[in-house]
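Asker: starting from these lines, generate the structure:
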Amino acid sequence: MRKTYIVDSGVQNGSDIRFLLQEVPQELEVQAGGQLITDSDNQAFVYLMDVVDGYIYVQFPKTVWPLLASSLEAENEPVLTWGQIEISLDNFREELTMLIFNIEGNHNYGEEFSNAVEEAFKEQLSLS
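Answerer: Here you go, the predicted model:
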């Protein structure tokens, strides 16, 4: 079973967005994986982080979706922070953009999740 870490908050300073983890990862060497997937059962987006023996999940629940939406307008990729460690989430904005446009009107993700994504990212979706 893969380990999941949950982002419980974030901060924005101009176009600099930082997401904070609830729990410090036990893995010593963590790198950005560059891939974002969905967890429609838990109403979350999940970023994959590479570790020595595979990968871990970093879950972005609905509570931080407003910052996810803001990250699409930012100049730089968001950063994941815990303790003194900061990791730029490579390819995050491109992956998130692709997912929200794929989810729009697509109830294969579940109607509740699809509707929640459409509501949270309506500004970005209206620009298409």
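Asker: for the chain, what spans make up the helices?
Answerer: In the chain, helices defined by DSSP state H lie at 65-73, 92-103, 111-120, 122-126, listed in chain order.
Asker: want to throw the ones you listed into CSV with mean pLDDT?
Answerer: What follows is the helices of the chain, written out as CSV (pLDDT from 0 to 100):
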stretch, mean pLDDT
helix 65-73, 94
helix 92-103, 96
helix 111-120, 95
helix 122-126, 90
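Asker: what's the closest of these to L80?
Answerer: Each of those was checked against L80 via C-beta to C-beta, and the shortest separation belongs to helix 92-103, namely 9.2 Å. C-beta here means a position set from N, CA and C on the backbone, and glycine is covered the same way.
Asker: so what touches that closest one?
Answerer: Helix 92-103 is touched from outside by 34-38, 45, 47, 68, 71-72, 74, 77-78, 109, 113-114, 117-118, 121, 124-125, 128, with contacts defined as C-beta atoms under 8 Å, 6 or more residues apart in numbering.
Asker: can you point out the buried residues in that helix?
Answerer: Neighbour counts using 16 or more other C-beta atoms under 10 Å place 92-93, 95-97, 99-100, 103 of helix 92-103 among the buried residues.
Asker: stretch 29-41 now?
Answerer: 30, 32-34, 36, 38-40.
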